[in-house]
Structure formats: structure tokens, C-alpha cells
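>>> Need a 3D model of the following:
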Amino acid sequence: MVKQLTFDLALPPPTFAREDFVVSEGNREALAWIDRWPDWPSPALALSGPPGSGKTHLARIWATQAKAAVLAATDLEGKSVPDLTALAEAHAAILIDHADRASERALFHLYNLMRERRRHLLLVAELPPAHWRIALPDLASRLRAAPAVAVAPPDDELLGSIILKQLGDRQLHAGPGVVQYLVARMERSAETARRVVAALDRRALSERREIDRRLAADVLAELAGGTA
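Next comes the predicted model:
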């Protein structure tokens, strides 16, 4: 059974760089849609996936490529049509995180404004628009017409690849079976993998220990207890 980990480790924010994104079967289609931009068949693309799946990383890759404004759903609250018009004129591409929580009328007007200007929206949420509770019929019809792509939760292979990449980036060597041990017991997210490797690095250095299963077990217990 996978433990739910809690954290109290001070880490720099993730870079969301393209070279740090690990491609797998579960995210390959979504990455292809990101790379296809600006050749999208609709003004909007809906990108969905559970927490820890890497959808935020993918969305930020697109934001960098498209030089997009990055907005939260709350940023659309109280926006008038002139406000939204100014936003659409200022940005050729806009990313909206937690788009399923955005004001429906604001999102509807912004969609129309971006379509008129042949500009693009990336709508990020845990679920695709078909599962959003949309009361505004015109918005629902527009989002139904937009392509939607999902990112799957990370599987064992992807988590292992992320851990190995994190170890390699830090020039660390893990003993036999360490990666498999971690994958079987850690919370299943890319961010958890990053924190686990950071903790391994810190403890291996401070305690002058090899990165073996015993250290891996100590790190998982540390993270599960929220101690640093």
C-alpha cells in the first residue's frame, strides 16, 4: 500500500524545463499536442490529469514555447469584457490553471476574443471539460468542440526514470534495488520523486552514507513523519 507522504523540506521551486520532462506512454500524446502548437484545430486545448501526473510541467513547457500569460482561474473573477479584451490583445497565448473553477462568463468571453484574434488558450484541470459542471450552454458547446488530452498517473517505469534522472542530475549513485524499493513505497508523483532524491542527497552527504536501501527506508520514514 502506498504511503501518503507529508513534507517539510525547503527546496527551490521546480524549473519546469523541457529537458527535465521525462516522456512515457502515459504522457506522450499530451506532449505531441503541446509540440503541435500553434497548429491546433481549435482556439483552445484542454489538458487534464490527476495531481502529480506532470500536467503542470507540460503546461509550463507550452507557456514557455508560446510565450503565454499564466493565469489562475481566480484571475478571471470580476473581469469585465473590456478587461478581457485587453487581456486577449496583450497575449497571443494564455494558460489558465484550474480552468474548471473559472468564471463561466469570463471564460466564454475570453474564448471568443481569442478565437476572433486567432490566438490560443490552454485550459488545465484535473478532469476534461466533458466532466465539468458547466451551466452556460454556449461555453459547454465551445469546449466540447475543443480537443482534450489527458495525462495518465505516473506508472512504475516513469517514476523510476524520474528518480534516475534526478540522481543523475545530482551526480549520485544508488545501490542495487534502491530505485525499485522507492517506487514500490513512495507517493506516486514527480514532485515526490524530486523531494525523495533531494532528501537522499542531503542525508548521504551529512551522514556520509551510501545510498542504499537502508538510507532509502530512513528517508521515506523521515518524509512520512514530516521531519527534516
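>>> Kindly state the pLDDT recorded for the residue nearest to the spatial centre of the chain?
In the chain, the residue lying closest to the centroid (Cα atoms, centre = their mean) is Thr56, at 2.0 Å. Looking at Thr56, its pLDDT reads 92.
>>> Secondary structure element for it, which one?
Secondary structure assignment for Thr56, by DSSP states H and E: helix 55-66.
>>> And for Ile134?
Per DSSP H and E, there is no helix or strand for Ile134.
>>> which non-adjacent residue is nearest it?
Spatially, and ignoring its direct neighbours in sequence, Ile134 is nearest to Ala140 (4.3 Å; Cβ to Cβ, 6 or more residues apart in numbering). To be clear about C-beta, it is placed using only N, CA and C from the backbone, and glycine gets the same treatment.
>>> what does Leu136 give?
Glu104 is the one closest to Leu136 (Cβ to Cβ, 6+ apart), at 4.4 Å.
>>> Provide the contact partners of the lengthiest helix in the chain at residue level.
Secondary structure of the chain per DSSP state H: the longest helix is helix 190-207. With contacts defined as Cβ atoms under 8 Å, 6 or more residues apart in numbering, helix 190-207 is touched by 5, 7, 9, 11, 14, 22, 52-54, 57, 154, 159, 162-163, 166-167, 170, 172, 174, 182, 186, 209-211, 215-216, 218-220, 222-223.
>>> List the buried residues for it?
For helix 190-207, the neighbour count (16 or more other Cβ atoms under 10 Å) marks 190-201, 203-204 as buried.
>>> next one: that helix to chain centre, how far?
Put simply, helix 190-207 sits 21 Å off its chain's centre (Cα atoms, centre = their mean, to the nearest Å).
>>> do the same with stretch 52-60
2 Å.
>>> Excluding its own residues, what touches the worst-scoring helix or strand of the chain on mean pLDDT? List them.
In the chain, the helix or strand scored least confidently by mean pLDDT, DSSP states H and E is helix 156-169, which has a mean of 89. With Cβ under 8 Å, 6+ apart as the test, helix 156-169 has contacts from 20, 22, 24, 26-27, 154, 173-174, 179-180, 182-184, 186, 188, 190, 193-194, 196-198, 200, 211.
>>> gap between the two ends of stretch 141-156?
37 Å (Cα to Cα, to the nearest Å).
>>> buried residues in it?
142-143, 146, 148-152, 154.
>>> Show me this protein divided up by domain.
25-150, 156-225 (automatic domain parsing).
>>> Quick check: chain neighbours aside, which residue is closest to Gln65?
Trp37 (6.7 Å).
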